[in-house]
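Novice: Just need the structure, nothing else, for what follows:
(one chain, ligands or ions: 2)
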Amino acid sequence: MESSTRQQIPATLIPGDGIGPEVVDATAHILDALGAPFIWDVQHAGVAGVTHSGDPLPAATLDSVRRTRLALKGPLTTPIGEGFRSSNVRLREEFQLFANVRPVRTIVPGRYDNIDLVLVRENLGGFYVAHEYYVPVGNDPKAVAVATGVNTRDACTRITRFAFEYALKHGRKKITVVHKANILKALTGLFLEAARDVAREYAGRVEMNDMIVDACAMQLVMNPWQFDMLLCTNLFGDILSDQLAGLVGGLGMAPGANYGNDTAIFEAVHGSAPDIAGKGVANPISLLLASGLMLDHVGQGDLAQRLRAAITETLNTDQIRTRDLKGTASTNEFAGAVVRRIANA
Ligand code: NAI
Ligand code: MG
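Specialist: Ligands and ions are numbered 1, 2, ... in the order given. Have a look, this model is predicted:
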């Protein structure tokens, strides 16, 4: 019914690998129940890209995102230690998606209650540029491995300003800058220095402090409520966002958004979960919540709120949960229950 009164928005849909197609199907089904706010252009990437067109990031996929400037993406498998370069990283670079936002919130009370945190991750630099090489010694071609990280003052300033603007827009009070400036004095020292410079412009409106990453990892376990927003370099943000997911029930509960100046790609924090792929048991909530962030992004916050309410009611009133949340529902059973909640709201 909404589809007749609202303009449908063209968007690219990338099913991805492993559990990707399962959680993408569930999400698309639930969005249909919300009035199908997006018209999908389905495209492939990752191992599915190789299978479909011999390329982990096919030209058709890039062309589609260039056209829509908006995508919902399932996880993409990246070979470990060898093989093609991450299609995720390439997509972020191609569309200059410099800001990765990963919010976590307690929906099902578990080990921790009342968690409400947002991690902002610099998404293009740091060690993720993966400028790496081996130095051969004697007859060992891999005797020495070298990696170089790259952070620019401009990129550090840009991500910090993004984080502070996000804080103002979303009523957040404090940003903790996470770094390792005691050891990586240049790479993460520059990040901290740029962050401190930007923070002065926001003094009195948003507070800033900083923490060394290892201490931060411990503090997140001991007392996560001391944090409001975390601002991280690329690699630390990758690591700590999985840890944040662990505070709210695991990787099935953690959405992510990659923002550039003119393009945004929404995804789950988790990967393709090969251990449960094809079994129909994956929790689709991470990708569902990511689609909620996508609805917020295109000005359909009312639909996003309805989606989030339906998820909460399915989990807590109907007590329908996938097995990562100690329930018994399959991916499709959970999705069906969310659809019923939307229909009966
Ligand atoms: P993973 O996040 O896929 O899985 C880690 C653990 O969490 C597994 O035990 C998995 O079963 C569980 N899990 C993840 N998502 C779940 C869900 N929705 N419901 C229930 N359980 C869930 O991490 P892993 O195994 O280290 O990586 C697998 C592949 O995914 C790798 O090729 C990696 O490169 C890729 N990856 C891709 C990402 C992306 O596309 N943005 C992000 C992270 C990893
Ligand atoms: Mg990760």
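
Novice: In stretch 72-80, which residues are buried?
Specialist: Neighbour-count burial for stretch 72-80, counted by 16 or more other C-beta atoms under 10 Å, picks out Leu72, Lys73, Gly74, Pro75, Leu76, Thr77, Thr78. In short, each C-beta sits where N, CA and C put it, glycine included.

Novice: same question, stretch 36-56
Specialist: Result for stretch 36-56 [16+ other C-beta under 10 Å]: buried residues 37-38, 40-41, 43-50, 53, 55-56.

Novice: go on, stretch 302-317?
Specialist: So, applying 16+ other C-beta under 10 Å, buried residues of stretch 302-317: Leu303, Ala304, Arg306, Leu307, Arg308, Ala310, Ile311, Glu313, Thr314, Leu315.

Novice: Then stretch 322-334?
Specialist: Under the neighbour-count criterion of 16+ other C-beta under 10 Å, stretch 322-334 has Thr322, Asp324, Leu325, Gly327, Ala329, Ser330, Thr331, Glu333, Phe334 buried.

Novice: how about the nearest residue to the fifth one once chain neighbours are set aside, what does it touch?
Specialist: Translated: Ala329. The shortest distance from Ala329 to any non-neighbouring residue, by C-beta to C-beta, 6 or more residues apart in numbering, is to Ile320 (5.0 Å). By C-beta atoms under 8 Å, 6 or more residues apart in numbering, the contact list for Ile320 reads Thr314, Gly327, Ala329, Glu333, Phe334, Ala337.

Novice: for those residues, which one is nearest ligand 1?
Specialist: Nearest to ligand 1, judged by C-beta to the nearest ligand atom, of these is Phe334 at 10.3 Å.

Novice: Get me the contact residues on this structure for ligand 1.
Specialist: Taking C-beta under 6 Å from any ligand atom as the criterion, the chain approaches ligand 1 at residues 19, 23, 75-78, 88, 251-252, 267, 270-276, 282-283, 286, 324.

Novice: Can you flag which of the residues you listed belong to strands?
Specialist: Residues of the residues of the chain next to ligand 1 located in strands (DSSP state E): Glu267.

Novice: what number of residues lie near the residue in the chain positioned nearest to ligand 1?
Specialist: Taking C-beta to the nearest ligand atom, ligand 1 has its nearest neighbour within the chain at Gly271, 2.2 Å off. For Gly271, the neighbour count with other C-beta atoms under 10 Å is 19.

Novice: Report the secondary structure element holding the nearest residue to Val135 once chain neighbours are set aside.
Specialist: Nearest residue to Val135, sequence neighbours excluded (C-beta to C-beta, 6+ apart): Val144, at 3.9 Å. Using DSSP states H and E, Val144 falls within strand 140-150.

Novice: So which elements touch that strand?
Specialist: Counting by 3 or more C-beta pairs under 8 Å, 6 or more residues apart in numbering; DSSP states H and E, the packing neighbours recorded for strand 140-150 are strand 126-137.

Novice: Could you single out the nearest of the buried residues of stretch 322-334 to Ala60?
Specialist: Lowest distance from Ala60 to those (C-beta to C-beta) belongs to Thr331, with 27.3 Å.

Novice: What about the buried residues of stretch 36-56, which are in helices?
Specialist: Within the buried residues of stretch 36-56, residues falling in helices by DSSP state H are Val47, Ala48, Gly49, Val50, Ser53.

Novice: possible to save the residues you listed as JSON lines with distance to Ser241 and pLDDT?
Specialist: Shown next, in JSON lines, are those (distance: C-beta to C-beta, whole Å; pLDDT from 0 to 100):
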{"residue": "Val47", "distance to Ser241": "23", "pLDDT": "96"}
{"residue": "Ala48", "distance to Ser241": "24", "pLDDT": "97"}
{"residue": "Gly49", "distance to Ser241": "24", "pLDDT": "96"}
{"residue": "Val50", "distance to Ser241": "27", "pLDDT": "95"}
{"residue": "Ser53", "distance to Ser241": "31", "pLDDT": "93"}
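
Novice: Many thanks, I have nothing further to ask.
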